[in-house]
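# after the sequence you'll find the predicted model.
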Amino acid sequence: MLAKVFFTKFNMPKMSKDEPEEISGKILSALVKIKAPDEVYFKLKELCEKGRPNSEKIDCVYKLMDKLGVLPDNIRHHDKKSDMKAMIIRQEGNKFFKNAKYVEAVVAYNRSACYAVSNEYISIAIGNRSAAFFEMKMYQECIESIRLAREYGYPERLKGKLIVREASCNEELRKRPKIREIFVPEIMVPVKEEIPFVARSLVLRENMGFGRHVVTEEDIPAGTFIAIEEPYCKTLIDKDRYKRCATCFELVPDILIPCEKCPHTMFCSQRCKDRAFEEFHAVECPISGTLFRVFTHVHLLVFRTVIRAFLAFSDVDTMAQRLVEIEKEKKNFFSFDWTKDLTPEERYTPIHNMITNGSERADFEMFILCFHASLMFYLLKEYCTVFSQRFLTTRKGEDLLKNLLYHHLRISSNAYYQYTVENFVNRESGSVYFYHEYAMAYGGFYSLLNHSCCPNVLRVSIRSATGIITVKNIKAGEQIFTCYEPCHHAVEDDISARRIKLLEKYNFICRCPLCAHPQNFAKLPIGIGHLEVPVQPDKCTFANAKEGFNSAVAYLRLCSEFFGGHHPVCDAEEKFRVCLNILCQNVTLEIQQKNALDFF
Ligand SMILES: C[S@@+](CC[C@H](N)C(=O)[O-])C[C@H]1O[C@@H](n2cnc3c(N)ncnc32)[C@H](O)[C@@H]1O
């Protein structure tokens, strides 16, 4: 009976509409179906009451899964490169090409290059990629692909095609009227001496109600970048892995080169490839495809963060000792001088000390944590020899890994998405924007910002970095608030729905103006959202990016003054965010293609 209650609570929230169908969900369903025994529940409860380490709880859950034989075979199966598979995928690409689905064709050709074993097959896939770019009128990208195809030894018998295509590209490029301007965000107020990527006026405070939080000591007007942070750890999302570099996340499908070992990872340069192998890929490479299949986006980030944590210390003993000290010292992002060459351990410290949500309970939530931790442990132990031979040769190393996986799973709600503008539709009552998520990240600074349903800053993704820009005029002494949920949640969810979500996911009760006084917001003037902005998402014009930005900001400040600075994200702010993304050219390949087509 207990087990039934225990397992029927299973209702894993999906982080995103595009979350891969994860195997762990299926394993859990299998456990529910066979009515997994009460003994795990009681065992976990007992371990909790005795204050036993999390590694023991993880062992307990793992033993159960092993005993019940619920681990699916495909967790043990890891994709390999094969010219045959590369050819089949290339043919899929050709079909897309014939049907004028060029973005899909580019992705398929990149996948084909990734699966290929021989240089000839890689070069043919990349040569085909150049044809897709040509049709997309992305001539520079076409030329880059032609260059790479040649580098991989494009077959002599086909070379004529490339020569003709390249000449046509050069011809078309000569006709181009002007180079497009891209807006480069920068912090427009004085910055901190020791943290040159954060505004000087921002300070860290701590109290009972808010925990740690960030306050400004000076007025900041709407439309000001107050921080541009490079995340500590980030992972690319499955659907973008054949479009973006796995290290820097640049959307450069025209210059991507495959990892020599696995068929799932691409890089924009040798430098990014070397960095990836140094920071995470040497460990992940043997199971990269499995990781995408088994885990959610957040879990992928947890997995990589733990790998990076281990690589930050010289050995298991030092690490175990330092982690205890790090937890005691409670250093955070503001404790460090970021102009110095910080050690990997120092860079990791603010991430390790991110807030933990929820309390220690022997309930379903804990079972889920143990379950994911044990899957991660199993993969690292069984298949990642680079990792296991260095760190998992003793019981101490294994337990440290289990405990750290558990710790990071518990703090994983600090993760956030990097996104790009995908599309927008005009509705009579306003515009609806769609964002395309391409990565998950942790940032030491961003993880100190609290939530409000009436946020005064928005997060903007700038390739691999995260920009934080004010969208309201903020007065000295006020706290900086971001919105953890999609910004329209204030409109779509009523107060009780918001309260449940925030409580379940982040363990706090929101007391922002909208939650505290919802009646004050019953009559938001609708028209304010429809002021015209100088940059329209559908046109994607950015002839003068700086000017575009300035007019968008002027418009935003008008809104902020009109509302008085404490209102939910309105359409105007959302439009501003879209403008900003377009000005920074943070748009999908589909929009870039459209833009290239509109160019003439
Ligand atoms: C990303 S962290 C923010 C920094 C956090 N306050 C700290 O001390 O590290 C998220 C956590 O902060 C707390 N929090 C966020 N917004 C809050 C709010 N408006 N009121 C109270 N607590 C909040 C919750 O515990 C939440 O899980």
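Now that the structure is in, tell me what you want to look at. Numbers count the residues shown, from 1 in each chain.
# Cys245: what's it in contact with?
Contact analysis of Cys245 by C-beta atoms under 8 Å, 6 or more residues apart in numbering lists Val252, Leu256, Met266, Phe267, Cys268, Ser269, Cys272. Where C-beta positions appear, they are placed from N, C-alpha and C, glycine not excepted.
# one more time with 6 Å
Applying C-beta atoms under 6 Å, 6 or more residues apart in numbering to Cys245 gives the contacts Phe267, Cys268, Cys272.
# and the closest residue to it other than its chain neighbours, how many neighbours does it have?
Of all residues not flanking Cys245 in the chain, Cys268 sits nearest, at 3.7 Å (C-beta to C-beta, 6 or more residues apart in numbering). By other C-beta atoms under 10 Å, 21 other residues sit near Cys268.
# just Glu250 next, same as before
Glu250 sits with 17 neighbouring residues when counted by other C-beta under 10 Å.
# is it true that it touches Cys268?
Yes: taking C-beta atoms under 6 Å as the definition, Glu250 is a contact partner of Cys268 at 5.5 Å.
# separation between the residue nearest to Cys245 and the ligand?
From Cys268 across to the ligand, the span is 31 Å (C-beta to the nearest ligand atom, to the nearest Å).
# just Lys137 next, same as before
Taking C-beta to the nearest ligand atom as the measure, Lys137 falls 43 Å from the ligand.
# secondary structure element for that residue?
Following DSSP states H and E, one finds Lys137 outside all helices and strands.
# again with the one 10 residues further on
With secondary structure defined by DSSP H and E, Arg147 is part of helix 139-151.
# what are the contacting residues of the helix or strand hosting Ile228?
Ile228 is located in strand 225-229, with elements delineated by DSSP H and E. Residues from elsewhere that reach strand 225-229 (C-beta under 6 Å, 6+ apart): Pro185, Ile187, Phe197, Val198, Ala199, Gly443, Phe445, Ala465, Thr466, Gly467, Ile468, Ile469.
# may I see the buried residues of it?
In terms of neighbour count (16 or more other C-beta atoms under 10 Å), strand 225-229 has its buried residues at Phe225, Ile226, Ala227, Ile228, Glu229.
# and the next helix or strand past it?
Remark: after strand 225-229, the chain's next helix or strand is strand 233-236, criterion DSSP H and E.
# quick one: list the elements packing against that next one.
Applying 3 or more C-beta pairs under 6 Å, 6 or more residues apart in numbering; DSSP states H and E, one finds that strand 233-236 contacts helix 297-311, strand 430-442.
# to the ligand, which of those lies closest?
Of all the helices and strands packed on strand 233-236, it is strand 430-442 that lies closest to the ligand, at 9.9 Å by C-beta to the nearest ligand atom.
# what pairs with the helix or strand following the closest one, parallel or antiparallel?
Proceeding N to C from strand 430-442, the next assigned helix or strand is strand 450-451, under DSSP H and E. Strand partners for strand 450-451, identified by DSSP bridges, are recorded as strand 481-482 (parallel).
# picking up where we left off before, and the pLDDT at the residue nearest to Cys245?
Listed pLDDT for Cys268 reads 97.
# how close does it get to Arg463?
As judged by C-beta to C-beta, to the nearest Å, Cys268 and Arg463 stand 11 Å apart.
# what's the overlap in contacts for these two?
Joint contacts of Cys268 and Arg463 (C-beta under 6 Å, 6+ apart) are Glu250.
# phi first, then psi, for Ile474.
phi -110, psi 130 (degrees, to the nearest 10).
# no wait, Phe445
Backbone torsions of Phe445, given as degrees, to the nearest 10, read phi -80, psi -50.
# name all residues that make contact with it.
The neighbours of Phe445, taking C-beta under 6 Å, 6+ apart as the test, are Ala227, Glu229, Phe333.
# of these, closest to Leu558?
Of all those, Ala227 has the smallest distance to Leu558: 24.3 Å, by C-beta to C-beta.
# mind checking how far the closest one is from the ligand?
Counting by C-beta to the nearest ligand atom - Ala227 and the ligand are separated by 14 Å.
# how near is the residue lying farthest from the centre of the chain to the ligand?
What lies farthest from the middle of the chain is Arg157; by C-alpha atoms, centre = their mean that is 42.6 Å. Using C-beta to the nearest ligand atom, Arg157 is found at 58 Å from the ligand.
# swap in Val324?
For Val324, the distance to the ligand - C-beta to the nearest ligand atom - is 20 Å.
# so after the host helix or strand of that residue, what's the next helix or strand?
Using DSSP H and E, Val324 sits in helix 316-329. With elements assigned by DSSP H and E, the helix or strand that comes after helix 316-329 is helix 344-352.
# that following helix near the ligand anywhere?
No: using C-beta under 6 Å from any ligand atom, helix 344-352 stays clear of the ligand, with a minimum separation of 9.8 Å.
# got the contact list for the residue nearest the centre of the chain?
In the chain, the C-alpha nearest the mean C-alpha coordinate belongs to Met440, at 1.6 Å (C-alpha atoms, centre = their mean). Going by C-beta under 6 Å, 6+ apart, Met440 touches Thr235, His297, Leu301, Ala415.
# do Asn403 as well
Counted by C-beta under 6 Å, 6+ apart, Asn403 has contacts Pro53, Asn54, Ser55.
# filter those residues to the buried ones?
Buried residues within those, counting neighbours by 16+ other C-beta under 10 Å: Asn54, Ser55.
# want to throw the contacts of Asn403 into JSON lines with secondary structure and distance to the ligand?
Below are the contacts of Asn403 laid out as JSON lines (DSSP: H, G, I helix; E, B strand; the rest coil; distance: C-beta to the nearest ligand atom, whole Å):
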{"residue": "Pro53", "secondary structure": "coil", "distance to the ligand": "24"}
{"residue": "Asn54", "secondary structure": "helix", "distance to the ligand": "20"}
{"residue": "Ser55", "secondary structure": "helix", "distance to the ligand": "25"}
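# if we can go back for a sec, can you name every helix or strand that the helix holding Val324 contacts?
helix 395-410.
# now the helix it packs on and helix 316-329, what's the angle there?
Angle, helix 395-410 to helix 316-329, by axes from the mean of the first three to the mean of the last three C-alpha atoms, to 10 degrees: 40 degrees.
# could I get the full set of strands for this structure?
202-207, 211-216, 225-229, 233-236, 257-258, 266-267, 416-427, 430-442, 450-451, 457-462, 465-470, 481-482 (DSSP state E).
# and the ones you listed, which one averages the lowest pLDDT?
strand 416-427 (a mean of 77).
# hang on, isn't the residue nearest to Cys245 packed against Ile257?
No: applying C-beta under 6 Å, one finds Cys268 not in contact with Ile257, separated by 7.7 Å.
# quick one, domains of this protein?
With domains defined by the TED database, the chain comprises 83-175, 202-230+444-518+525-599.
# lowest-confidence stretch among those?
domain 202-230+444-518+525-599 (a mean of 81).
# chain center to it, what's the gap?
Computed by C-alpha atoms, centre = their mean, to the nearest Å, the chain-centroid distance of domain 202-230+444-518+525-599 equals 18 Å.
# same check on stretch 189-205?
Distance, centroid of stretch 189-205 to centroid of chain: 25 Å (C-alpha atoms, centre = their mean).
# what does the chain put close to the ligand?
Residues of the chain lying near the ligand (C-beta under 6 Å from any ligand atom): 210-213, 355, 357, 414, 447-448, 450-452, 506-508, 510.
# let's see 8 Å
Residues of the chain lying close to the ligand (C-beta under 8 Å from any ligand atom) are 206, 209-213, 332, 354-355, 357, 413-414, 446-452, 481, 484, 502, 505-512.
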